[in-house]
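> Mind folding the following:
(chains A, B, C and D)
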2 protein chains.
Amino acid sequence: MRSPYGFEIQESCVACPVRHAREFCNVSPSAVEDLQRSKSTSFYPAGTLLYIEGQPPRGVYILCNGRAKVYTSSKQGKVIILKIAHAGEVLGLEAALGGREHEETAELVESCQVNFMATHDFTRYIAHHSDAAMKTAFQLTQDCRAAQEGIRCLGLSGSVEEKLARLLLHWTGETRSLPHRDTRLKMPYKHEEIAQMIGSTRETVTRLLGALKKKKVVEIKGATLIVKDPEQLKQLAGE
Amino acid sequence: MRSPYGFEIQESCVACPVRHAREFCNVSPSAVEDLQRSKSTSFYPAGTLLYIEGQPPRGVYILCNGRAKVYTSSKQGKVIILKIAHAGEVLGLEAALGGREHEETAELVESCQVNFMATHDFTRYIAHHSDAAMKTAFQLTQDCRAAQEGIRCLGLSGSVEEKLARLLLHWTGETRSLPHRDTRLKMPYKHEEIAQMIGSTRETVTRLLGALKKKKVVEIKGATLIVKDPEQLKQLAGE
DNA sequence: GCCCCACCGTGACCTGCGTCACGGTAAAAA
DNA sequence: TTTTTACCGTGACGCAGGTCACGGTGGGGC
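Coordinates of the predicted model:
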């Protein structure tokens, strides 16, 4: 079955081929069946807002593929990206479990399949399956760690250069799982978005990336970034 | 039973008088008994480090009373306070559940009673009691929200004045539970610590608090801070 | 009483980076 | 093809706030 967005549709969690590779979905057979019954599958185009800051929670969203940008914004229109969620992550947990309105907006970066589960179904689901509760808790610890890393990046860095270096290093760490510790990575973000990740401005990011290129620390070809001198990058990030 | 630190000791969770007021401890009778069997109670003086950044997790710490300062620091010695944990909160969850080393340090602000639970006891505890798992998830959502609020404060504010105003407003929100929405609050932190909460410096905090006093927005008497003009404070915080 | 130490208060300096402004390039739309 | 739109690149300027330096004050130990 093919969707109009051009990727394979996977209606069934039970038969899902990547289920065991996905932390949250890799649960006991009885839990998967419950999950399958309780969820509803949708397909959205890039740019779709799964939920918006200030909305009361409807439920949780399981990202089956693609990525989503999670961000908040101030009244003045300034935006800060809290994290980039990847396939397999669950979004909207804090609001659903906390019973309070969403404090951030989730926007799909690419066209994605998303499994939705209403709040009361979800709470029942994790109450009945202790392994699912564990997975949920694990997802939350991941979120906490990511947020703390964000705080460390924003608060402990003396300069924007340091923040940018930290971000690039963080990305090299993420992709480490794919090839053998290659220093090449995909950077499919525009300068403005990078600025929003580190709490800076578009111009400053442009200038700093330019300076890093000139210093032969990195090389940029389109959306590909190659770290030529990881040591110096680490030094810039404060070791 | 009185401890050498001058407060009442409560060895028994089952008989604990404040148990029902504490989110995490307010669980089913069978769970409380399990908790009681699995935990060990200790008393520590102010300044005790429950765990340190980089340590492998030993377990989780339930703060029975008092407060704890949770912070990380950079290699250059710069410190940022992630949150102030209050009585009833559980510390060290991320490391214990994630199975990874602590990414922050927890230091007692006052002398406290702390209930400790080793990692494997804790995982068994929440696997056996779905209500306890729920409480744990709830605590984690709280942590996430706090961290996100931190990111918003650090990343979205244009000026340090704005960050400070946000922090003060956050505090007025916290104490709202005590008297009837009074604008008076305890601020038992030194300027340096406030600086570490908003990612600034001691001198700047001194200057800004001075300016707020001069503008009649707040009044400070020892450790007590009175917000005279909440409207203006909100305006400074970006509405 | 006295000293000491931890904090607060304040002035002077200087630099990082936010802001504004405009020009270039490349892909998409027409 | 030309036009439009979305990003990137770069110069000029100004100021918020970090840094250094030193002086004041209050409380606890002796």
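> excluding its backbone neighbours, what's nearest residue A:136?
Distances taken as C-beta to C-beta, 6 or more residues apart in numbering or on different chains put residue A:126 closest to residue A:136, at 5.3 Å, once the chain neighbours are dropped. All C-beta spots, glycine's among them, are computed from the backbone N, C-alpha and C.
> Return the list of helices and strands in contact with the helix or strand where the one you found lies.
Per DSSP states H and E: residue A:126 is located in helix A:119-128. Secondary-structure packing of helix A:119-128 (3 or more C-beta pairs under 8 Å, 6 or more residues apart in numbering or on different chains; DSSP states H and E): helix A:29-38, strand A:59-63, helix A:93-98, helix A:130-156, helix B:130-156.
> How about that helix, which residues are buried there?
Judged by neighbour count using 16 or more other C-beta atoms under 10 Å in any protein chain shown, the buried positions of helix A:119-128 are A:119, A:121, A:122, A:123, A:125, A:126.
> is DNA strand D contacted by the helix or strand bottoming out on mean pLDDT in chain A?
Sorting the helices and strands of chain A by mean pLDDT, DSSP states H and E puts strand A:184-186 at the bottom, at a mean of 80. No - Strand A:184-186 lies out of reach of DNA strand D by C-beta under 7 Å from any atom of the strand, never closer than 13.6 Å.
> For chain A, what lies in contact range of DNA strand C?
Contact residues (C-beta under 7 Å from any atom of the strand) of chain A with DNA strand C: A:158, A:159, A:160, A:161, A:200, A:201, A:203, A:204.
> Spatially central residue for chain A, please.
By C-alpha atoms, centre = their mean, chain A has its centre lying nearest to residue A:85, at 1.5 Å.
> Report the beta-bridge partner residues of the residue nearest to it when sequence neighbours are not counted.
Taking C-beta to C-beta, 6+ apart, and ignoring the residues beside it in sequence, residue A:85 has residue A:68 as its nearest neighbour in space, at 4.5 Å. Listed by DSSP bridges, the beta-bridge partners for residue A:68 are residue A:85, residue A:108.
> quick one: residue A:186 from DNA strand C, how far?
With distances taken as C-beta to the nearest atom of the strand, to the nearest Å, residue A:186 is found 17 Å from DNA strand C.
> Show me what that residue is bridged to.
Counting by DSSP bridges, the residues bridging with residue A:186 are residue A:224.
> count of neighbours near it?
The local packing of residue A:186 (other C-beta atoms under 10 Å in any protein chain shown) involves 12 other residues.
> Nearest to DNA strand C: which residue in chain A?
Nearest residue of chain A to DNA strand C (C-beta to the nearest atom of the strand) works out as residue A:159 at 3.2 Å.
> mind checking how far that residue is from DNA strand D?
In this view, residue A:159 and DNA strand D are 9 Å apart by C-beta to the nearest atom of the strand.
> same deal with residue A:236?
16 Å.
> picking that back up, contact partners for the residue nearest to residue A:85?
By C-beta atoms under 8 Å, 6 or more residues apart in numbering or on different chains, residue A:68 lies in contact with A:50, A:84, A:85, A:89, A:91, A:106, A:107, A:108, A:109, A:112.
> what's the distance between it and residue B:11?
47 Å (C-beta to C-beta, to the nearest Å).
> just residue A:54 next, same as before
45 Å.
> cool, residue A:199 as well?
As judged by C-beta to C-beta, residue A:199 and residue B:11 stand 47 Å apart.
> of these two, who's got more company?
residue A:199 (21 against 14).
> Not counting sequence-adjacent ones, nearest residue to that one?
The shortest distance from residue A:199 to any non-neighbouring residue, by C-beta to C-beta, 6+ apart, is to residue B:155 (4.0 Å).
> Any regions of chain A where pLDDT drops low?
A:1-8, A:174-182, A:239 (pLDDT under 70).
> one step back: the residue nearest to residue A:136 against residue A:140, yeah?
No - using C-beta atoms under 8 Å, residue A:126 is not in contact with residue A:140, being 11.2 Å away.
> In which helix or strand does residue A:115 reside?
Using DSSP H and E, residue A:115 falls within strand A:112-118.
> Partner strands of that strand, with direction?
Sheet pairing of strand A:112-118 (DSSP bridges) gives strand A:40-44 (antiparallel), strand A:59-63 (antiparallel).
> what separates the residue nearest to residue A:136 from residue B:136, distance-wise?
Taking C-beta to C-beta as the measure, residue A:126 and residue B:136 are separated by 11 Å.
> Burial check on residue A:159, number of neighbours?
By the criterion of other C-beta under 10 Å, residue A:159 has 12 neighbours.
> Now the phi/psi pair for it, please.
phi -130, psi 160 (degrees, to the nearest 10).
> Send me stretch A:214-222 as CSV with only the CA atoms.
Extracted in CSV, the C-alpha atoms of stretch A:214-222 (Å, rounded to 0.1, in the frame of the first residue of the first chain):
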residue,chain,number,x,y,z
LYS,A,214,37.9,29.4,6.7
LYS,A,215,39.6,27.8,9.7
LYS,A,216,39.3,24.4,7.9
VAL,A,217,37.3,23.0,10.9
VAL,A,218,34.4,22.0,8.7
GLU,A,219,33.5,21.8,5.0
ILE,A,220,30.0,22.4,3.7
LYS,A,221,28.6,21.0,0.5
GLY,A,222,24.9,21.7,0.1
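> Perfect, I'm done here.
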